[in-house]
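In: got a predicted structure plus its sequence, pasted below:
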Amino acid sequence: MQTPALPLPESRPLVPPALRGVLPVLLAVPALVLFQWALSGSEFASYLLNVMGVNIILAVSLNIVNGMTGQFSIGHAGFMAVGAYIAGYASLQLKEVALSFLPVAASDQVLFTVALLLGGLAAAACGFLVGLPSLRLRGDYLAIVTLGFGEIIRVVVQNTDAFGRALGLSGIPQYASPSMVFFWVFLVVLAARRLASSSHGRSLWSIREDEVAAEAMGVDTTGYKVRAFVFSSFFAGIAGGLFAHFVPIINPGSFTFVRSMEIVVMVVLGGLGSTTGAIIAAIFLTLLPEGMRSLFGALGTEGSLAQRVDQIRMPIYGLLLVVLMLSRPQGLFGTREIWDVLPKWLSRKGGGRA
Amino acid sequence: MAQLLQHLINGLAAGTIYALVALGYTMVYGVLKLINFAHGDVMMVGVYMGYATAFALGREARGSLLGIAAVFAVAMLGCALLGFLIERFAYRPLREKPRLTALITAIGISFALSYGFQLDIGFLPGASPRAFPEIIEPTEWLIIGDRDVVVWNWQVISFLIAVGLMVGLQYLVFGTRFGQAMRAVSWDHRVAALMGIPTDRVIALTFMLSSGLAAGAGLLYAIKDTSVSPLMGLYVGLKAFVAAVIGGIGHVPGAVIGALVLGLVEEFVVGYAASSWRDAVAFGFLILVLLVKPGGLFGRVAAEKV
């Protein structure tokens, strides 16, 4: 006797499968255009948003290497420098070029995107080079190599005539706008979230938890580590390219060890492995100095105190790291995402990663 | 030929100072498996202590032998105390935690010190570099030919002090009960504790020793460079650390040899190529060494336990 086949559960996805991967992008683009239109009055707000967006991209991308893969990299500013200089240089070369079949503004944005991608790819190539030593080096030693690589990039830039040596590049067209920056923020967050729950991501997590065991289970640890580096440095390069297109001038002083450490602080504060944690920490640490500055300004204290905020920032970052490691070494969120932390009735997903 | 000899001498002089700082890294790493990123900044604090002492002594006293001894003693003891405090309150609570947490803490302390000293609030010195008082008047000690090769007295003095400290340290580690305890703790601090070795005390003393050494090395560096700045620790410390890794971190003679090699390499780059490439060459050399021998020149790569 044949049992009748169980009726398939009525599953009519809201979105056709072919569109599902693209849908967030399709929704994001008009939202960003609206956002840009709403901001068009305020110069300072859009500058601040640009800085914030670049920091978010950097923190989320570093989180892929430091947080998900557990490979401590402290030379992220080096990749950012590669992206900034290559993209900036490309834009300077393409400045006079216009795509005649497009309106000027659109043509500029297309060329800008090309320059950004060039910067990102160059940074990804460097990420590949830095990832390779992870074949043989572990832990602290790898951290030192990334630090050394970041410094080498800085010295190379400082000694290259095409990159303006110590003076840096100036006159880069100011194409970056909050909508462009946040489009990339959106892409990096989407990519990081999808990576975290993919089988690639599972391999990265396993390397983070126990590299030897992961290797014994057949995970190609070297391959995944190199891929994580390439992926992360691509986005760092994009962030650098965006940065180059809204600050008036880029010079080697913007990409020192100190810059790398600022990004590390963001990732550690948010929780190694938490994408939303990295975002929140990046926003917080971008707004904090600005907030302190305006607070001191509003209190009517003498101007010197407001200027000191920048000075005080770095020692506070240092102490913050120490206090954080002593009291809450896993960072604000640990490896959890913000919806795992929020009360159940608020979050759309229950449970999630433990 | 004479130029080569001069570069050799300068390189060795720079190398001995790196070596003294590198020894501190190597000792702490040997005992605790911790890269003490704050080591260079402890050195910087020591130099400022020496600077303050030299000024407090006044112009007459600071040139005398007793004055020099006082400057060194204050800086080294002050730094030993600072090293003790850092170990006690920042590293000891993290000893059983993953090593990454301690590394991040060390970076945090390094930042707090080097940037804290750049503020100009209260006794803090502010960001601009200052001239270090001449506690040892520089004189040319040996001149060969028509000033083809010049050896300065501070080069000889720092070389002698450095060699003396290294020999003393080697004796301390391999010839005393304390050194035996250090080596036991470095092997396995839990088992060492079970065997009745006061591990906390040994680790604290190691930290104090390495910080005191750093202060001495920093003073020699300041005499050579004739300036002090809050950022000096970050850069000298980084170089010394590179030297320690090249030699195989945790290996005492390795740190010295690594530092001498690094000093010579840098000097030759500055002498024969361009000085602006110095830092890149130091790190490039480090990466090269690590790629060929992942544990450094004299280090061992321990198989990782599952």
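Out: Happy to help now that I have it. Residues are numbered from 1 along each chain as shown, chains lettered A, B, ... in the order given.
In: show me the contacts for the residue of the stretch 1-150 of chain A found nearest chain B.
Out: Per Cβ to the nearest Cβ, A:Gly148 is where the stretch 1-150 of chain A lies closest to chain B, at 3.4 Å. The C-beta positions use only the backbone N, C-alpha and C, and glycine is treated the same way. Contact analysis of A:Gly148 by Cβ atoms under 8 Å, 6 or more residues apart in numbering or on different chains lists A:75, B:242, B:283-284, B:286-287.
In: who wins on neighbours among the residues you listed?
Out: Tallying neighbours with other Cβ atoms under 10 Å in any protein chain shown puts A:Gly75 at the head of the contacts of A:Gly148, with 29 neighbours.
In: grab the nearest non-local neighbour of that residue.
Out: Spatially, and ignoring its direct neighbours in sequence, A:Gly75 is nearest to A:Gly150 (2.9 Å; Cβ to Cβ, 6 or more residues apart in numbering or on different chains).
In: that neighbour: neighbour count?
Out: As a burial measure, A:Gly150 scores 27 neighbours (other Cβ under 10 Å).
In: helix, strand, or coil at it?
Out: With DSSP: H, G, I helix; E, B strand; the rest coil as the basis, A:Gly150 sits in helix.
In: surely it touches A:Val82?
Out: No: contact criterion Cβ atoms under 8 Å: A:Gly150 and A:Val82 do not qualify, at 10.0 Å.
In: might one say that B:Gly78 is in contact with B:Ala214?
Out: No: B:Gly78 is beyond contact range of B:Ala214, at 11.3 Å (criterion: Cβ under 8 Å).
In: so between these two, which is more surrounded?
Out: Neighbour count, other Cβ under 10 Å: between B:Gly78 and B:Ala214, B:Ala214 has more, with 37 against 21.
In: just give the closest residue to that one, not the sequence neighbours.
Out: B:Met43 (3.9 Å).
In: what residues are up against that neighbour?
Out: Each residue near B:Met43 by Cβ under 8 Å, 6+ apart is listed here: B:21, B:24, B:79, B:214-215, B:217-218, B:221, B:232-233, B:236-237.
In: quick check: the two most widely separated of those residues?
Out: Using Cβ to Cβ, the contacts of B:Met43 span at most 15.2 Å, a distance reached by B:Gly24 and B:Met232.
In: ok, back up a step: please, which helix or strand holds the residue nearest to B:Ala214?
Out: For B:Met43, the enclosing helix or strand under DSSP states H and E is helix B:39-63.
In: again, but for B:Val150
Out: Using DSSP H and E, the element containing B:Val150 is strand B:149-152.
In: who are the packing partners of whichever helix or strand comes after that strand?
Out: As assigned by DSSP H and E, the chain's next helix or strand after strand B:149-152 is helix B:153-175. Contact partners of helix B:153-175 among helices and strands, from 3 or more Cβ pairs under 8 Å, 6 or more residues apart in numbering or on different chains; DSSP states H and E: helix B:2-32, strand B:140-144, helix B:177-187, helix B:199-225, helix B:252-272.
In: give the rounded mean pLDDT of helix B:153-175.
Out: Mean pLDDT, helix B:153-175: 83.
In: what's next to it, contact-wise?
Out: Against helix B:153-175 from outside (Cβ under 8 Å, 6+ apart): B:9-10, B:12-13, B:16-17, B:19-20, B:23, B:27, B:136, B:138-142, B:178-179, B:182-183, B:209, B:213, B:216-217, B:220, B:223-224, B:252-253, B:256.
In: tilt between that helix and helix B:2-32?
Out: Interaxial angle, helix B:153-175 versus helix B:2-32 (axes from the mean of the first three to the mean of the last three Cα atoms, to 10 degrees): 30 degrees.
In: next, the angle from helix B:153-175 to strand B:140-144.
Out: 100 degrees.
In: buried residues in helix B:153-175, which are they?
Out: Judged by neighbour count using 16 or more other Cβ atoms under 10 Å in any protein chain shown, the buried positions of helix B:153-175 are B:154-155, B:158-159, B:161-162, B:165-166, B:169, B:173.
In: again, but for stretch B:113-120
Out: Quick answer for stretch B:113-120 (16+ other Cβ under 10 Å): B:113-119.
In: my guess is B:Ala215 meets B:Gly46, correct?
Out: Yes: look at B:Ala215 against B:Gly46 with Cβ under 8 Å: they come within range, at 2.8 Å.
In: any residues in contact with both of the two?
Out: B:75-76, B:78-79.
In: hmm, which two among those residues are most spread apart?
Out: The most widely separated members of the shared contacts of B:Ala215 and B:Gly46, counting by Cβ to Cβ, are B:Met76 and B:Gly78 (7.3 Å).
In: which residues do these two both contact?
Out: Shared contacts of B:Met76 and B:Gly78, defined by Cβ under 8 Å, 6+ apart, comprise B:46, B:215.
In: which strands and helices sit next to the helix or strand encompassing A:Ile86?
Out: Secondary structure assigned from DSSP H and E places A:Ile86 in helix A:76-94. Under the contact definition 3+ Cβ pairs under 8 Å, 6+ apart, helix A:76-94 sits against helix A:43-63, helix A:104-131, helix A:139-158, strand A:169-170, helix A:221-244, strand A:249-250, helix A:257-270.
In: pick the most deeply packed of these.
Out: Mean neighbours per residue, mean count of other Cβ atoms under 10 Å in any protein chain shown, is largest over these for helix A:221-244, with a mean of 27.
In: what's that helix packed up against?
Out: Going by 3+ Cβ pairs under 8 Å, 6+ apart, helix A:221-244 lies up against helix A:43-63, helix A:76-94, helix A:104-131, helix A:178-196, helix A:199-209, helix A:211-216.
In: can I get those in JSON lines with mean pLDDT?
Out: Shown next, in JSON lines, are the helices and strands packed on helix A:221-244 (pLDDT from 0 to 100):
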{"stretch": "helix A:43-63", "mean pLDDT": "90"}
{"stretch": "helix A:76-94", "mean pLDDT": "91"}
{"stretch": "helix A:104-131", "mean pLDDT": "89"}
{"stretch": "helix A:178-196", "mean pLDDT": "88"}
{"stretch": "helix A:199-209", "mean pLDDT": "89"}
{"stretch": "helix A:211-216", "mean pLDDT": "87"}
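In: want to throw these into TSV with distance to B:Val292?
Out: TSV is the format used below for the helices and strands packed on helix A:221-244 (distance: least, Cβ to Cβ, whole Å):
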stretch	distance to B:Val292
helix A:43-63	28
helix A:76-94	22
helix A:104-131	16
helix A:178-196	33
helix A:199-209	24
helix A:211-216	22
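In: to B:Arg92, which of those lies closest?
Out: helix A:199-209 (26.0 Å).
In: what residue ranges in the stretch 201-306 of chain B score low on pLDDT?
Out: Applying pLDDT under 70 to the stretch 201-306 of chain B picks out residues B:300-306.
In: so which bits of it are right by chain A?
Out: With the criterion set to Cβ under 8 Å from any Cβ of the partner chain, the stretch 201-306 of chain B comes near chain A through B:234, B:238, B:241-242, B:245, B:274, B:276-277, B:279-280, B:283-284, B:286-287, B:290-291, B:294, B:304-306.
In: what's the PyMOL line that selects buried ones from these?
Out: Selection of the buried residues among these in PyMOL, burial being defined by 16+ other Cβ under 10 Å:
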select buried, chain B and resi 234+238+241+242+245+277+279+280+283+284+286+287+290+294
